[in-house]
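Asker: just to be clear, the model below is a prediction. Sequence and coordinates:
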Amino acid sequence: YGEGWRRRVFDAREHVEFRAIETRADGAEIVHEGVAGMSGGEGQELIAFILGAALRYRLGEGSEAPPTYASIVLDEGFVKADSEYTGRALAALRALGFQLIVGAPREKATAFEEHIETVAYINTDPRNPTAVRIYPMTIEQALSVDGEEAP
């Protein structure tokens, strides 16, 4: 199979089409036809906001009331985005009332610093390679773990 087939099958951006109208603070409208032409971070930010708004609407049963269940799990969420886009996307999801659970590599911790309250550091247990170790810590503690084993 060729690269085109692989991209159509495995790239989630190829599975969804959308048209979004963004209204800026000054009233200017920007029409987005998908994420074509955007950087990875810009696309992730826009998709996070659209997904969050759609989930907020559905989980809030179409009303202004906050959702009754509002946890979102993002596996390797925002790994392609820089800290600025990550921060804005996380802020948008939190402003919509969601509790975020983000699985990401340790080197992305600084991007989440302003938005994450609790961290669970997870790694393989050296005494048992089929098991993992989980250490709860604050974001400050996670940022101070620099290539060392967690406590």
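Answerer: Structure's in. What do you need?
Asker: any low-confidence regions in the chain?
Answerer: 1, 11-16, 61-62, 66-69, 78-81, 145-151 (pLDDT under 70).
Asker: show me which helix runs longest in it.
Answerer: For the chain, the helix that runs over the most residues, judged by DSSP state H, is helix 40-59.
Asker: so which bits of that one are buried?
Answerer: Residues of helix 40-59 classed as buried by neighbour count (16 or more other CB atoms under 10 Å): 41-49, 51-52, 55-56, 59. Placement of C-beta: from N, CA and C, glycine included.
Asker: any idea how far the residue of the chain positioned farthest from its centre is from Arg133?
Answerer: Relative to the C-alpha centroid of the chain, counting by CA atoms, centre = their mean, Arg127 is the outermost residue, at 32.3 Å. Noted for Arg127: a distance of 9 Å to Arg133, by CB to CB, to the nearest Å.
Asker: how about the residue positioned nearest the centre of the chain: what's its closest non-neighbour residue?
Answerer: Residue closest to the mean C-alpha point of the chain, counted by CA atoms, centre = their mean, is Gly77 at 3.6 Å. Computed as CB to CB, 6 or more residues apart in numbering, the closest residue to Gly77 that is not its neighbour in sequence is Val102, at 4.8 Å.
Asker: doesn't that neighbour belong to a helix?
Answerer: No: counting by DSSP: H, G, I helix; E, B strand; the rest coil, Val102 is located in no helix; its state is strand.
Asker: name the nearest of the buried residues of helix 40-59 relative to Leu143.
Answerer: Looking at the buried residues of helix 40-59 and their distance to Leu143, the nearest is Gly41, at 20.8 Å (CB to CB).
Asker: which element is Arg8 on?
Answerer: Assigned by DSSP states H and E, Arg8 belongs to helix 3-10.
Asker: next SSE downstream of that helix?
Answerer: Past helix 3-10, the next helix or strand by DSSP H and E is strand 19-23.
Asker: who does that following strand pair up with?
Answerer: strand 29-33 (antiparallel) (DSSP bridges).
Asker: now do the buried residues in the strand it pairs with.
Answerer: His32.
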